[in-house]
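Engineer: make a model of this:
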Amino acid sequence: MPLSPAQPATAARSDLCRCRIHITGIVQGVGLRPHVFKLATSLDLVGFVLNGSDGVHIEVEGRESQVHRFLCELSSEGPRLAAIDSISTEEIQPTRESCRANALGTKLD
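Structural biologist: Okay, the predicted model is just below:
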């Protein structure tokens, strides 16, 4: 599921941060992707969220403070039917992507 609000082209990009996240547990079919989408777009993050055979894979990019806030909120709240066993994170190189998400999509921007 893409996640992302449009960012102005003139926005300062010096504090960009991108994080790769892998979540395991009961995380598919419980509303986690829409939750991630809503959280990411509310924080002006771009990236994507996808289901995989080994859990949910997420990449988010935006201001470093917003990415850290996303990670904190992701680990502390979520859909009531989700049962998260683990969350692993890795900071990666920002791509400076910008794309518009749709309601059902998996891409954030």
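
Engineer: where does the prediction get shaky in this structure?
Structural biologist: Along the chain, segments meeting pLDDT under 70 span 1-14, 98-109.

Engineer: one more pass at 50, please.
Structural biologist: 4-11, 99-105, 109 (pLDDT under 50).

Engineer: strands along that one, start to end?
Structural biologist: Under the criterion DSSP state E, the chain carries strands at the ranges 2-3, 16-26, 46-52, 55-63, 83-92, 107-108.

Engineer: spatially central residue for this protein, please.
Structural biologist: Val60 (4.3 Å; CA atoms, centre = their mean).

Engineer: that residue reaches Val67, doesn't it?
Structural biologist: Yes: using CB atoms under 8 Å, Val60 makes contact with Val67 at a distance of 5.8 Å. Glycine gets a C-beta too; all of them are placed from N, C-alpha and C.

Engineer: which neighbours do those two share?
Structural biologist: Arg18, Cys19, Leu45 (CB atoms under 8 Å, 6 or more residues apart in numbering).

Engineer: give me the number of neighbouring residues for Gln93.
Structural biologist: 9 (other CB atoms under 10 Å).

Engineer: how far away is the residue nearest to it when sequence neighbours are not counted from Ile58?
Structural biologist: Excluding its sequence neighbours, the residue lying closest to Gln93 (CB to CB, 6 or more residues apart in numbering) is Arg18, at 6.5 Å. From Arg18 over to Ile58 the distance is 11 Å, taken as CB to CB, to the nearest Å.

Engineer: so how many other residues sit close to Ser53?
Structural biologist: Ser53, neighbours per other CB under 10 Å, totals 5.

Engineer: so who does it touch?
Structural biologist: Contacts of Ser53 by CB under 8 Å, 6+ apart: none found.
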